[in-house]
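Q: Any chance you could fold what I've pasted below:
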Amino acid sequence: MWGLLKELKVLSSLQSLFLDNSNLDFLDIVEVTKISWLKHLRLGLTDKKCILILIQLKNLEVLEITSTHHAAEDESNFILPFLESCQNLRSITLHRYYDFLSKDYLNGILTIIKLLKDPEINPPFELIGMWCDFESLNQLHGYDDAFLQLRRIKQEEFESDEDDIVLNDDFWKKFEKDIINYNDNSSDSDEENN
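A: As a prediction, the model looks like this:
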């Protein structure tokens, strides 16, 4: 997939990239970060450590991680640096990230949001995922939905809508064929001009 992702940076009007059923590795993710103007990104990762590479996408508004991961006991809260670096970020969805959204992590996220965002100017940050050590929002210290809207994940939420442009296998085959045709036509034009 690396070769195809490498070609996407020529699409300067691309705002949303949905890589459903993907498990991108390090090199793939580096290529995605070169599309720095992306606003909405949905992808899967082979290694959860690569999530922080995406912090380079400063224009990102919506991030969705679709791959399955299990949080380690001492795992760092990667959402905090995203909130600090990606000023336009309004939503993160962790579709199948188990044991990550704990009370302690969420209280830390809420504290950062309260420091960085003014609820009169900014909409509340939306965090969607699986809660792991609490059952209700009133168990969170100082929870305020003017700053943070927390939702539990539902299976049907990460299935694509009909209106979404999904980069599935058919898309990639057509894209690769179009790139080859484009390169062939460019070569022909160059030869004619010489």
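
Q: so Leu150, which of the three states?
A: At Leu150, secondary structure determined by DSSP: H, G, I helix; E, B strand; the rest coil is strand.

Q: What's opposite it in the beta bridge?
A: Leu127 (DSSP bridges).

Q: give me every residue that touches it.
A: With contacts defined as C-beta atoms under 8 Å, 6 or more residues apart in numbering, Leu150 is in contact with 101, 106, 127-128, 131, 137, 140, 143. (Glycine included, C-beta is placed from N, CA and C.)

Q: Next one, pLDDT for it please.
A: Here the pLDDT value assigned to Leu150 is 90.

Q: Quick check: it vs Ser67, distance?
A: Counting by C-beta to C-beta, to the nearest Å, the gap from Leu150 to Ser67 is 21 Å.

Q: same thing with Ser76?
A: Counting by C-beta to C-beta, the gap from Ser76 to Ser67 is 18 Å.

Q: Please identify which of those two sits among more neighbours.
A: Ser67 (20 against 11; other C-beta atoms under 10 Å).

Q: Within the helices and strands, which one has that one?
A: If you go by DSSP states H and E, Ser67 is part of strand 62-70.
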